[in-house]
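Student: Here's a sequence, model it:
(chains A and B)
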2 protein chains.
Amino acid sequence: MTAYAALSRHFGRIAAMSNAIGILQWDSDAMMPAGAAGTRAESMALLRVLQHEMAVDPRVGEWLGEAEQDNGLGEWERANLREIRRSWTVETALPADLVEASSKAISACEMAWRQARANADFKALIPFLTKVLKLQREAGAAKGEKLGLSVYDALLNDYEPGGRALRIDALFDELAAFLPGFTEEALAAQARRPQPAPLEGPFPIEAQRQLALKIMAALGYDFERGRLDVSAHPFCGGADNDVRITTRYDDADFSKALMGVIHETGHALYEQGRPAAYMDQPVGHARAMSVHESQSLIMEMQACRSREFLAFAAPVMRAAFAADGPGWQADALWRRYTRVERGFIRVDADEVTYPAHVILRYRLEKALITEAMPLGELPAAWNAGMQELLGITPPNDRLGCLQDIHWPSGGWGYFPTYTLGAMTAAQLFDAATRAEPDILPGIARGDFAPLVGWLRSNIHSQGSRFTTDDLLTRATGRPLDAGVFKAHLARRYLGAE
Amino acid sequence: MTAYAALSRHFGRIAAMSNAIGILQWDSDAMMPAGAAGTRAESMALLRVLQHEMAVDPRVGEWLGEAEQDNGLGEWERANLREIRRSWTVETALPADLVEASSKAISACEMAWRQARANADFKALIPFLTKVLKLQREAGAAKGEKLGLSVYDALLNDYEPGGRALRIDALFDELAAFLPGFTEEALAAQARRPQPAPLEGPFPIEAQRQLALKIMAALGYDFERGRLDVSAHPFCGGADNDVRITTRYDDADFSKALMGVIHETGHALYEQGRPAAYMDQPVGHARAMSVHESQSLIMEMQACRSREFLAFAAPVMRAAFAADGPGWQADALWRRYTRVERGFIRVDADEVTYPAHVILRYRLEKALITEAMPLGELPAAWNAGMQELLGITPPNDRLGCLQDIHWPSGGWGYFPTYTLGAMTAAQLFDAATRAEPDILPGIARGDFAPLVGWLRSNIHSQGSRFTTDDLLTRATGRPLDAGVFKAHLARRYLGAE
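Tutor: Here you go, the predicted structure:
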């Protein structure tokens, strides 16, 4: 067996383990009875340890060294080796005691955060978050040394391979300069339009579920390789060829579940469309979190808040709930789903105000990781940033710097991928609709095949064959720039009414 | 760390792996989309290999040798060592190539069986079943050598530790002598009673599910540590502290799902009641398949086909389906649920005719394993046995020797546990109702606490602390005898009407 074949087989086994963990994680969130939590934690911990052992198996290093000298490999195989080398470098960079200390600090900090958030008491979180932050810095330093990256870039690299703070700074500064004024204009334009008439509930859960299934099918979701279920926090998870999404229904408001399902379906289409021949190999994985988020936002923001989609969806929604009236017309629904509002909470934000939430977090986490700012100053800096970027000041830290679990749970370097994803979505959708003139007419008749076909060939089926920059350049003609996103916002929110 | 502590920790890890496999198996049967089968098979195969590697880890043998010399251990610990020794002996008895060959032969035979059964073509199955049978003999011989048991007893031992064909022969011969005449009498008595009026459907699935949940709750099922779902073949599975049961609904007949749920709830109560302190240790496992089956049959046959239960259940059923009429009265339901009928299919049999199906299979599988009979003679021997024990002859092998998957899937030595379980159930229920006079009145008011309380202390909480004989003797005053079961049948089917 060649070294490459041995590597490929080994990573097939790692995928088999990841797939087991993925289904157990889905079960924990969507199915598991409460009394099983302790037992499940034991199983998950064991499988994760075994997975880590496989990932750092010394034979991987030997096989890699040998396979990288193999001149007989094709392009996909070489790209696979590049991805394996990257994950090997990252996985072997961390000493075992740092991994364990970090895992314990995170568990403690997540618990403390739940309490601190409930009490709007940031001070109570400081000792726990200090520990997590310190260990994140150490992890970033250890990885950065192997990768030749700064501490922050090394953390970012876990979610966004090839991502660099320097590039993000430029993109986000451009948005930060644009958005406050633009938001004013968008709100003014919105104020000139009539408010959409209300949608009168309740909306029975089963009817919401049937509507969600219908829209998922229209989007091209493959139910032979996935499911729709319920969980407290909606997500897309599962395993290769078993891409499951969840939602949460509120019988007073069907829109949240519906738009959430569309978002997760975007993620799921990416996962279901990854290259079959490399499904279990690193090169077959999704390219980066920004690209993943772009796939959910293309569906949720670009496609399904368009006038074309709502022309198709309005009668489907009316039929789902046996409803009618002025609020249920396509134009009113479009105004509802493109409503702009300044708010304190990131997860409730619309696409105009969302980037401000992300830019704020990105700037703050960079300052904290590089020790440019002490942790104690976070609440004041948060509130000042909210005032600068959004023009509002949170009345307390529950609605401010305590709202997200990312930092307590060790997700430093993750936040920027949300807005990189939004920009990528705009750029891809713009290129797609230029290349395939039938995409928007298709959406207007509930036929997503032209859009998904373009995404399948340009993004999904490419896995991690190219770097993110190359993937985007091949698909759109240029690397990520902020201009297309700005143009999209201007067209949608300031365009002809 | 003492050798015992090291063993205990090691078996805790094995339990964590079994629990992961148990949930993934449940998911495969109850949740998984069809397109994920191949991916799931890879994950299951990997986890099973890892579990087997842990079970045959050479350190287990070393720790065992050392711990067995440890005089400071308590009774439970010594019983745990006994169980670990047994599983170690069995697990290490088989050469790896035999395990692999057997697994492959079984996969091929199961596929061939589906086809052969559909075509009622036993000849087509012979080459496949010959291979499985040969490998089962080899496995039985290898285990038997280590255990000092005959080939058949060694196979039986996997399901029924301590079980011996010699004892089963005597018990089954006694039943075989009793049942044909008794069945005649029961049918004659039944013919003298009026047929119960029909129950008019359809019975909506959701109403059936709500009824099932209500009855499960009455029986004492703990929903904090389990769930009820749907699968093609009902089962009780999952993990420690996560005991999930499934059923299958037919909207023309609610009784099958309901009685199936009661049966699986009996299994689940055993699993949920195993000793918490030894939940993840071999000594904390269920004692034997016969004891497991006794727990399902105590609920399904002893308790829930009693007049007491149907007095409680009749109004609950009427309310569930907003139904009424003569068929819905307690007496009519009792006649429905104690109906005796000779049939070809084991899984459809009532408690009077069921043992004949089992005794036939037991005798035949023993003859096949010991090579007293060639495989080609199976269909003729089957039909002759059916005629002798039940007085009917299957018109083809689909309704005869091809009906069960047990032999194709390598479950040789399993069949007798069904009827051992039925006899054990009768003996335990008899002892329980004598010891706790409130059990039957409790059932009549839908309160199973007195019955479950007795089972919890006498059976569930004992895990594998005692041998099956000792467990039964402690609970009922004597080892298994056929007399109590015969008396139960006589009382129910020939008693005062």
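
Student: Alongside chain B, which residues does chain A contribute?
Tutor: A:12-13, A:15-17, A:19-20, A:23-24, A:27, A:31-36, A:38-40, A:42-47, A:50, A:222-227, A:239-242, A:279-280 (Cβ under 8 Å from any Cβ of the partner chain). For every residue, glycine as well, the C-beta is placed using N, CA and C.

Student: And the buried ones among those, selectable in ChimeraX?
Tutor: With 16 or more other Cβ atoms under 10 Å in any protein chain shown as the criterion, this ChimeraX line picks the buried residues out of the residues of chain A next to chain B:
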select /A:13,15,16,17,19,20,23,24,27,31,32,33,35,36,39,40,42,43,44,46,47,50,222,225,226,227,239,240,241,242,279,280
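
Student: Tell me which of the residues of chain A next to chain B fall in strands.
Tutor: Judged by DSSP state E, the residues of chain A next to chain B include A:239, A:242 as members of strands.

Student: looking at it, residue A:279 is touching residue A:240, isn't it?
Tutor: Yes - Residue A:279 lies in contact with residue A:240 (Cβ atoms under 8 Å); the separation is 4.9 Å.

Student: quick one: common contacting residues for the two?
Tutor: Common neighbours of residue A:279 and residue A:240 (criterion: Cβ atoms under 8 Å, 6 or more residues apart in numbering or on different chains): A:15, B:39.

Student: how about low-confidence regions in chain A?
Tutor: Residues of chain A that meet the criterion pLDDT under 70 lie in A:496-497.

Student: Would you map out the domains in it?
Tutor: A:1-73, A:105-497 (automatic domain parsing).

Student: will you turn the ones you listed into JSON lines that also has distance to residue B:113?
Tutor: Formatted as JSON lines, the domains of chain A follow (distance: least, Cβ to Cβ, whole Å):
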{"stretch": "domain A:1-73", "distance to residue B:113": "27"}
{"stretch": "domain A:105-497", "distance to residue B:113": "26"}
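
Student: Ok, which of those comes nearest residue B:406?
Tutor: Checking these against residue B:406 by Cβ to Cβ gives domain A:1-73 as the closest, at 27.7 Å.

Student: Could you measure from the closest residue in space to residue A:479 that isn't next to it in sequence over to residue A:155?
Tutor: Nearest non-adjacent residue to residue A:479, counting by Cβ to Cβ, 6 or more residues apart in numbering or on different chains: residue A:469, 4.8 Å away. From residue A:469 over to residue A:155 the distance is 20 Å, taken as Cβ to Cβ, to the nearest Å.

Student: And these two? Which one has more around it.
Tutor: Counted by other Cβ atoms under 10 Å in any protein chain shown, residue A:469 and residue A:155 do not tie: residue A:155 has more neighbours, with 27 against 14.

Student: For the more buried one, which three-state class applies?
Tutor: helix (DSSP: H, G, I helix; E, B strand; the rest coil).

Student: Over to residue A:162?
Tutor: Reducing the assignment at residue A:162 to three states with three-state DSSP gives coil.

Student: How much space separates it from chain B?
Tutor: Distance of residue A:162 to chain B, computed by Cβ to the nearest Cβ, to the nearest Å: 29 Å.

Student: List the contacts of that residue.
Tutor: So residue A:162 contacts A:288, A:467, A:468, A:469 (Cβ under 8 Å, 6+ apart).

Student: now swap in residue A:446 and tell me
Tutor: With Cβ under 8 Å, 6+ apart, residue A:446 has these contacts: A:218, A:312, A:313, A:316.

Student: Using neighbour counts, give me the buried entries of those.
Tutor: Neighbour-count burial (16+ other Cβ under 10 Å) applied to those gives A:218, A:312, A:313.

Student: I'd like a version of these in a markdown table, one that adds distance to residue A:361 and secondary structure as further columns.
Tutor: Output for these, formatted as a markdown table (distance: Cβ to Cβ, whole Å; DSSP: H, G, I helix; E, B strand; the rest coil):
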| residue | distance to residue A:361 | secondary structure |
| --- | --- | --- |
| A:218 | 34 | helix |
| A:312 | 35 | helix |
| A:313 | 32 | helix |
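
Student: Now do stretch A:32-43: everything it contacts.
Tutor: Residues contacting stretch A:32-43 (Cβ under 8 Å, 6+ apart): A:24, A:27-28, B:12, B:15-17, B:19-20, B:23, B:222-227, B:239-242, B:279-280.

Student: Ok, stretch A:50-58 next?
Tutor: Residues from elsewhere that reach stretch A:50-58 (Cβ under 8 Å, 6+ apart): A:10, A:13, A:14, A:17, A:18, A:21, A:87, A:88, A:91, A:92, A:99, B:50.

Student: Surely the second one touches residue B:45?
Tutor: Read that as residue A:13. No - with contact defined as Cβ under 8 Å, residue A:13 does not count as touching residue B:45 (9.8 Å).

Student: List the buried residues for stretch A:471-483?
Tutor: By neighbour count with 16+ other Cβ under 10 Å, stretch A:471-483 contains the buried residues A:471, A:472, A:475, A:476, A:480, A:482.

Student: Would you map the strands across the stretch 251-400 of chain A?
Tutor: Ranges of strands in the stretch 251-400 of chain A, per DSSP state E, counting those that start in this stretch: none exist.

Student: For it, which segments count as helices?
Tutor: Here the stretch 251-400 of chain A has its helices, by DSSP state H, counting those that start in this stretch, at A:254-272, A:289-297, A:307-321, A:330-337, A:354-369, A:378-390.

Student: mind checking which of those helices is nearest residue A:75?
Tutor: Judged by Cβ to Cβ, the one of the helices of the stretch 251-400 of chain A that comes nearest to residue A:75 is helix A:289-297, at 19.4 Å.

Student: Report all helices and strands that the closest one contacts.
Tutor: Packing partners of helix A:289-297 (3 or more Cβ pairs under 8 Å, 6 or more residues apart in numbering or on different chains; DSSP states H and E): helix A:254-272, helix A:416-435, helix A:468-476.
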